[in-house]
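> Build me a structure from this.
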Amino acid sequence: MAKTIGREAYLALVGSEIGVSSWRLVDQARIDAFADVTEDHQFIHVDPQRAARETPFGGAIAHGFLTLSLLSTFAYEVLPVVEGVAMSVNYGFDKVRFISPVRAGARVRGRFRLAEATFRSPTELLSRTQASIEIEGVDKPALVADWLGLLYFK
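Here you go, the predicted structure:
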């Protein structure tokens, strides 16, 4: 569980790495479940034998959006909770790049760096977090993203 910090302590984190999550398994069952929810059953995700034969990936790979969606669970694990925040919302992304495929059976984790935190009003803070998802044993990350969030203070 993430720690709780004050507003000034949060602002002082700008420019710093603020957390690295634990590893999570992206197995074929998770990939198949994501395919069912999103109705994206492209063979590179759900047919490991065909993907091994017909792609350079050597087997099935996770959907890019599945990998991206894991940012939420990683963030809940490591990003601090800021005192006085009534709610925080996902404001979107300025950049998302899928760098390396996540092969079925791989473990991934999130890494976060607070790049900016700017008050838009006395009760609304816009944060920009540089996020990446690393693949265990792979040099290049699965993805990199500039993630925007809005924190609303009471």
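> Every contact and neighbour count from this point should use C-alpha atoms.
OK.
> Run through the bridge partners of the closest residue to P141 other than its chain neighbours.
Leaving aside its sequence neighbours, P141 sits nearest to E134 (Cα to Cα, 6 or more residues apart in numbering; 4.5 Å). In this entry, E134 is beta-bridged to R109, by DSSP bridges.
> how many neighbours does E134 have?
22 (other Cα atoms under 10 Å).
> This protein: helices as residue ranges?
In chain order, the chain shows helices spanning 7-11, 28-38, 43-46, 48-54, 64-78, with DSSP state H as the criterion.
> how about those in a markdown table, adding mean pLDDT, mean neighbour count and distance to A142?
Written out in a markdown table, the entries for the helices of the chain read as follows (pLDDT from 0 to 100; neighbours: other Cα atoms under 10 Å; distance: least, Cα to Cα, whole Å):
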| stretch | mean pLDDT | mean neighbour count | distance to A142 |
| --- | --- | --- | --- |
| helix 7-11 | 96 | 14 | 27 |
| helix 28-38 | 98 | 16 | 15 |
| helix 43-46 | 98 | 21 | 15 |
| helix 48-54 | 98 | 15 | 18 |
| helix 64-78 | 97 | 16 | 8 |
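> Out of the ones you listed, the one nearest G84 is which?
helix 7-11 (7.9 Å; Cα to Cα).
> pull the CA atoms of that closest one into PDB?
Presented in PDB, the C-alpha positions along helix 7-11 are these (Å, rounded to 0.1, in the frame of the first residue of the first chain):
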ATOM      1  CA  ARG A   7       0.900  18.400  -0.300                       C
ATOM      2  CA  GLU A   8       4.400  20.100   0.000                       C
ATOM      3  CA  ALA A   9       6.100  16.700   0.200                       C
ATOM      4  CA  TYR A  10       4.400  15.700  -3.000                       C
ATOM      5  CA  LEU A  11       5.500  18.800  -4.800                       C
END
